[in-house]
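In: With the input below, show me the fold.
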Amino acid sequence: MIEAARKGSAAAFAELVGTYRDGLLRFLLTRSASFADAEDALQDTLINAYRYLHSYDAQWRFSTWLYRIAINNAAKLKTADTVELGELADEENDPLSHCIRHQDRQNLWLSARRRLSDEVYTAMWLRYVEDMSINDIAAVLERSLSWTKVNLMRGRKTLEVELDNLATDVKSKAYG
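Out: Below is the predicted model of the structure:
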């Protein structure tokens, strides 16, 4: 299919990237300020993939190559005025802060997004949501296998502490 797409078959390319479209959008949603930004990054990713298909190296999985393009496009969309979840409100009792804290308890990935660096979060997402191999993650992030393994371990430990804190918080509210 890749060879057919390289020879100019739009149908082959559409079928090739169609398998990854939903996963890419989900991934880009975690790296974008809005759904519209994620869609823009997805569109740019697919356009760049088509434009540079000739540079794809079959040594790597096609998905690895696509996610690397997606990461680059998401980074281009990040601007200085992008608001991080933790910066939305300054006051502890602000209703928005309360909603964010409640959402954190409901969604570990939002919590992970706030507590892990971009690269570690991306590695965790690719491993546990997209089910990528450690080799592919290292290629996508342009890091060594050692870096990838160590940072996946650190990310898991950070999230384990976070889960323990959430469990303690829930128990104290239930019994306190």
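
In: now the nearest residue to residue 134 once chain neighbours are set aside: how far from residue 28?
Out: Ranked by C-beta to C-beta, 6 or more residues apart in numbering and with sequence neighbours excluded, the top spatial neighbour of residue 134 is residue 148, at 5.3 Å. In short, each C-beta sits where N, CA and C put it, glycine included. Per C-beta to C-beta, to the nearest Å, residue 148 is found 21 Å from residue 28.

In: Residue ranges in this structure under the pLDDT threshold?
Out: Low-confidence segments of the chain, defined by pLDDT under 70, span residues 78-108, 166-167, 169-176.

In: residue ranges of the strands in it, please?
Out: In order along the chain, the chain carries no strands (DSSP state E).

In: how near is the residue positioned nearest the centre of the chain to residue 74?
Out: For the chain, the residue lying nearest the average C-alpha position, counting by C-alpha atoms, centre = their mean, turns out to be residue 27 (4.1 Å). Applying C-beta to C-beta, one obtains 8 Å for the distance of residue 27 from residue 74.

In: and if you look at residue 111?
Out: Spatial separation of residue 111 from residue 74 under the definition C-beta to C-beta is 20 Å.

In: And those two? Which one has more around it.
Out: A direct count of neighbours by other C-beta atoms under 10 Å for residue 111 and residue 74 places residue 74 higher, at 24 against 21.

In: This structure - how does it break down into domains?
Out: The record assigns the chain these domain ranges, following automatic domain parsing: 1-79, 91-176.

In: Looking at the chain, which helix is longest?
Out: Longest helix in the chain by number of residues, with DSSP state H as the criterion: helix 145-175.

In: so who does residue 28 touch?
Out: 37-39, 41-42, 45, 70, 73-74 (C-beta atoms under 8 Å, 6 or more residues apart in numbering).

In: what's the neighbour count on the residue nearest to residue 39 when sequence neighbours are not counted?
Out: Nearest residue to residue 39 in three dimensions, chain neighbours excluded: residue 25, at 7.2 Å (C-beta to C-beta, 6+ apart). Other residues within reach of residue 25 by the criterion other C-beta under 10 Å amount to 17.

In: can you check residue 66 too?
Out: Applying other C-beta under 10 Å, we find 24 other residues in the vicinity of residue 66.

In: where exactly do the helices run in the chain?
Out: Along the chain, the stretches classed as helices by DSSP H are 2-6, 10-18, 21-29, 35-51, 62-77, 95-106, 108-115, 118-128, 134-141, 145-175.

In: Looks like residue 63 contacts residue 136 (just checking).
Out: Yes: taking C-beta atoms under 8 Å as the contact criterion, residue 63 and residue 136 are neighbours in contact, 7.1 Å apart.
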